[in-house]
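1. quick one, what's the 3D model for this:
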Amino acid sequence: MSGDDREEKEEFCYLCRRPESTAGRLLHLQQNICICADCLQKSFDMIDTPGHPMFGGNFDPAMFSAGMPPFASMNAQKVKQKKPKEAKEPQEEQAEKEPVSIPAPHRIRERLDEYVVGQEQAKKVIAVAVYNHYKRIRDDGGDGVELEKSNILMLGPTGSGKTCLVQTLARLLQVPLAITDATSLTEAGYIGDDVESVLSKLLAAAGNDVEQAERGIVFIDEIDKIAKKRNTNSRDVSGEAVQQGLLKLLEGADVEVPVGATSKNAMVPMTTINTRNILFICGGAFSDLGRVIRERLNKSASIGFSAELRDKYDEERDILKYATGEDLREFGMIPEFLGRLPVLCTLEDLSRDMLVRILIEPKNAIIRQYKKLLAMDEVELNFEQGALELVAERALDRKTGARALRAILEEFMLDIMYEIPKDENIGRVTITRDYMERRGAPGIELRGQRPAIGMSMP
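-> Presented below is the predicted three-dimensional model:
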């Protein structure tokens with residue numbers, strides 16, 4: 001046999017595509033499939049890795065003997081794809097056409113009140129937007145009227161409850177929720193996560209069920225960090241480029257996303273998600289937006305008895321409630337991006353009274369959590385009003401919103417949580433303002449004894 005005939009009949013590895021002369025002797029399987037020793041060993045190494053995304057942890061080595069290529073059915077094993085429509089009975093079709101139960105806006109707001117204090121206007125805006133969004137999903141468009149998406153842009157200081165609102169909303173509606181940070185997103189081709197990674201997180205939250213993911217909620221936090229950079233000559237790969245990359249997701253498009261990973265590569269299965277019915281909520285603190293708003297408002301100041309003072313808005317705490325699309329464009333958000341977020345929702349800055357209510361009123365309030373922890377040791381925990389007000393005042397000084405409350409309480413409750421379990425006779429502990437100011441000890445009552453006594457803390 002001549003050399004030319006050998007080259008024409010030379011076999012190749014099914015996976016790495018190397019010829020037999022380079023890869024060595026090939027293993028022959030059924031269906032005329034050949035695999036080299038290196039690829040066979042790598043395949044078995046992947047099998048030994050628990051829960052490997054390539055096989056989903058359910059790989060059967062018998063597939064080799066059956067002649068099935070190891071990567072042929074990855075998507076079928078890993079992702080629950082949409083089932084093709086089949087002929088159904090009239091009763092089944094009628095059951096499918098019945099509208100899905102969606103809570104009315106006032107019911108949604110009542111549920112939000114259980115976990116978020118204040119922010120009345122923001123709750124109303126979110127409740128109506130979400131209600132309209134899911135009515136749009138169940139609409140068949142038979143009358144020729146097509147409803148547009150109602151994506152939401154949330155503006156509010158840090159710690160004002162943006163993430164808590166979205167989490168409570170997802171629990172109420174029982175839909176998948178993906179929370180991501182815009183600061184990690186970059187333009188495709190650069191180091192960082194592509195915009196499609198937010199859909200990969202949503203798919204994972206839905207248990208890799210594509211139909212469930214296409215009705216979920218995506219919350220992109222820190223959206224103000226991708227504003228256009230000013231006075232720069234370098235390529236803005238994490239600013240304006242990310243806004244442009246998010247446009248197709250917000251509008252609605254078929255996007256190919258990796259399963260079980262945040263980046264696309266040859267070893268990760270892919271699936272297609274349609275974002276037309278996914279509700280996108282973007283939130284950010286927009287800390288520098290107040291300066292832009294004040295500059296615009298102060299332009300209307302003039303001279304005269306009835307004129308507004310130039311410093312009228314300098315001390316305004318809730319300056320973000322005056323924000324407009326013009327201010328956001330001046331801040332660095334491109335018009336195309338703002339056009340796909342038609343619902344603007346502003347959260348108020350937290351006051352001292354609101355912080356006190358946050359400590360005790362929500363279902364998952366911090367004070368309730370401490371009371372439950374000590375109740376496990378059969379100890380009752382009480383807080384005086386003065387102690388709660390002191391915690392709120394110190395949280396205001398830190399300027400981090402409700403997030404500062406737990407940090408402050410952890411500092412003062414450390415000794416309590418350490419010393420109380422030592423004595424089984426303690427039945428009640430009262431936290432006073434004097435103790436919080438390091439001027440006294442907490443009130444201690446022994447079991448069966450009413451008078452309070454002092455307890456020395458290290």
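2. counting contacts, what elements does the longest helix anywhere in the chain pack onto?
-> Looking across the chain with DSSP state H, the single longest helix is helix 120-138. When contacts are defined as 3 or more Cβ pairs under 8 Å, 6 or more residues apart in numbering; DSSP states H and E, helix 120-138 packs onto helix 105-113, strand 152-155, helix 162-173, strand 343-346. Any C-beta I mention is one placed from the backbone N, CA and C, and that applies to glycine too.
3. now with 10 Å?
-> The contact analysis (3 or more Cβ pairs under 10 Å, 6 or more residues apart in numbering; DSSP states H and E) places helix 120-138 against helix 105-113, strand 152-155, helix 162-173, strand 279-284, strand 343-346.
4. work out which residue lies at the spatial centre of the chain.
-> In the chain, the residue lying closest to the centroid (Cα atoms, centre = their mean) is residue 179, at 1.1 Å.
5. what's downstream of the helix or strand where that one lies, the next helix or strand?
-> Element membership for residue 179, per DSSP states H and E: strand 177-181. Per DSSP H and E, strand 177-181 leads on to helix 197-205 as the next helix or strand towards the C-terminus.
6. could I have that next one exported to PDB, CA atoms only?
-> C-alpha atoms of helix 197-205 as PDB (Å, rounded to 0.1, in the frame of the first residue of the first chain):
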ATOM      1  CA  SER A 197     -23.600  35.600  33.200                       C
ATOM      2  CA  VAL A 198     -26.600  37.200  34.900                       C
ATOM      3  CA  LEU A 199     -28.800  34.800  32.900                       C
ATOM      4  CA  SER A 200     -26.600  31.800  34.000                       C
ATOM      5  CA  LYS A 201     -27.300  32.700  37.600                       C
ATOM      6  CA  LEU A 202     -31.000  32.900  36.900                       C
ATOM      7  CA  LEU A 203     -31.000  29.500  35.200                       C
ATOM      8  CA  ALA A 204     -29.200  28.000  38.200                       C
ATOM      9  CA  ALA A 205     -31.700  29.600  40.600                       C
END
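7. let me see the ranges of the strands in this protein.
-> 27-28, 34-35, 152-155, 177-181, 217-221, 254-258, 270-274, 279-284, 343-346, 380-383, 426-431, 443-446, 453-454 (DSSP state E).
8. of all those strands, which lies closest to residue 354?
-> strand 343-346 (15.3 Å; Cβ to Cβ).
9. before we move on, the earlier item: what residues sit buried inside the strand holding residue 179?
-> Judged by neighbour count using 16 or more other Cβ atoms under 10 Å, the buried positions of strand 177-181 are 177-180.
10. what sits against residue 327?
-> Counting by Cβ atoms under 10 Å, 6 or more residues apart in numbering, residue 327 makes contact with 155, 286, 289-297, 320, 333.
11. from residue 362, how far out is residue 348?
-> Separation of residue 348 from residue 362 (Cβ to Cβ, to the nearest Å): 16 Å.
12. to clarify, my last question referred to residue 255.
-> Using Cβ to Cβ, residue 255 is found at 36 Å from residue 362.
13. more neighbours: the two, which one.
-> Neighbours of residue 255 and residue 362, each counted by other Cβ atoms under 10 Å, are more numerous for residue 362; the result is 20 against 17.
14. hmm, back to that, take the helices and strands packed on helix 120-138 and write them to TSV, including mean neighbour count.
-> Below are the helices and strands packed on helix 120-138 laid out as TSV (neighbours: other Cβ atoms under 10 Å):
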stretch	mean neighbour count
helix 105-113	17
strand 152-155	25
helix 162-173	20
strand 279-284	24
strand 343-346	19
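15. what about the stretch 301-450 of the chain, any weak spots by pLDDT?
-> For the stretch 301-450 of the chain, the stretches with pLDDT under 70 are 301-315, 448-450.
16. show me what counts as buried in the longest helix of the chain.
-> 122-134, 136-137.
17. repeat that for stretch 174-191.
-> Neighbour counts over stretch 174-191 (16+ other Cβ under 10 Å) mark 175-180, 182-183, 185-187 as buried.
18. could I get those as JSON lines with pLDDT?
-> As requested, the buried residues of stretch 174-191 are arranged in JSON lines below (pLDDT from 0 to 100):
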{"residue": "175", "pLDDT": "86"}
{"residue": "176", "pLDDT": "88"}
{"residue": "177", "pLDDT": "89"}
{"residue": "178", "pLDDT": "90"}
{"residue": "179", "pLDDT": "89"}
{"residue": "180", "pLDDT": "88"}
{"residue": "182", "pLDDT": "88"}
{"residue": "183", "pLDDT": "87"}
{"residue": "185", "pLDDT": "86"}
{"residue": "186", "pLDDT": "82"}
{"residue": "187", "pLDDT": "78"}
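19. relative orientation of the longest helix of the chain and helix 162-173 in degrees?
-> Interaxial angle, helix 120-138 versus helix 162-173 (axes from the mean of the first three to the mean of the last three Cα atoms, to 10 degrees): 40 degrees.
20. tell me the angle helix 120-138 makes with strand 217-221.
-> 140 degrees.
21. for the record, mean pLDDT for helix 120-138?
-> The pLDDT scores in helix 120-138 average 90.
22. off-centre distance for that helix?
-> Chain-centre distance of helix 120-138: 18 Å, with Cα atoms, centre = their mean, to the nearest Å.
23. could you chop the protein up by domain?
-> Residue ranges for the domains of the chain, per automatic domain parsing: 3-76, 105-140+147-346, 352-454.
24. thinking again about what came up before, now for the strand holding residue 179, which elements pack on it?
-> helix 162-173, helix 197-205, strand 217-221, strand 279-284.
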